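Asks: predicted model and sequence below, questions to follow.
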Amino acid sequence: MRPFRRRSAASRRSAWRREDPVVSLSSVDLSLNEVETLAAKAARGAGLSWGGAEEVGRAARTLARAGADWTALVLALDGPAYAEPAAETSALARVEAALAAVDGSQMRTRSAVAAETVAALEALAAMTYVPASARSRVSGAGAGLTDND
């Protein structure tokens, strides 16, 4: 029987690099926290309630961790079909079905996403932002009228 040998930090890092997806110049490497946050904001921008958006974010994180395509499910939430509460329930049911199909044997810590897909998700997320106005600036939103630098 071979004695137990502790792996060095360098060998652990190289093993981590091998298991993660290859990132090209046209893709963005997101952490699981970034995946969850971006998916939740995009779902909220698509019209889901904050509770539903948080569920989509957690589901996207789980799918990304398993190496599954989470972006298609989040982008499918955008559109006129999701203007009714029943449609929101059916969208969440599709996410649940995708989660049920995930095999948990290969877990990842990062997700490589195409830059165009990230831009589309960020456009949905931007729908949650409040537009800037002179009135909101005077009332204290943003940097206001003072510059502390």
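Replies: All right, it came through fine. Numbering: from 1, shown residues only.
Asks: doesn't residue 108 make contact with residue 65?
Replies: Yes - when contacts are counted by C-beta atoms under 8 Å, residue 65 is listed as touching residue 108 (5.7 Å). The way it works is simple: take the backbone N, C-alpha and C, and place the C-beta from them, glycine included.
Asks: so these two - more neighbours on which side?
Replies: A side-by-side neighbour count of residue 65 and residue 108, using other C-beta atoms under 10 Å, places residue 65 first with 20 against 16.
Asks: can you pull the contacts of the more buried one?
Replies: For residue 65, the contact set (C-beta atoms under 8 Å, 6 or more residues apart in numbering) comprises 32, 107-109.
Asks: what kind of secondary structure is residue 111 in?
Replies: Look at residue 111: counting by DSSP: H, G, I helix; E, B strand; the rest coil, its state is strand.
Asks: contact partners for the closest residue to it other than its chain neighbours?
Replies: Counting by C-beta to C-beta, 6 or more residues apart in numbering, residue 111 lies nearest to residue 64, which is 3.9 Å off, once chain neighbours are set aside. Counting by C-beta under 8 Å, 6+ apart, residue 64 touches 30, 32, 35, 70, 108, 111.
Asks: by pLDDT, give me the weakest of those residues.
Replies: Across the contacts of residue 64, the bottom pLDDT score, 77, is held by residue 108.
Asks: helix, strand or coil for that residue?
Replies: coil.
Asks: any idea how far it lies from residue 67?
Replies: Separation of residue 108 from residue 67 (C-beta to C-beta, to the nearest Å): 5 Å.
Asks: now swap in residue 28 and tell me
Replies: With distances taken as C-beta to C-beta, residue 28 is found 16 Å from residue 67.
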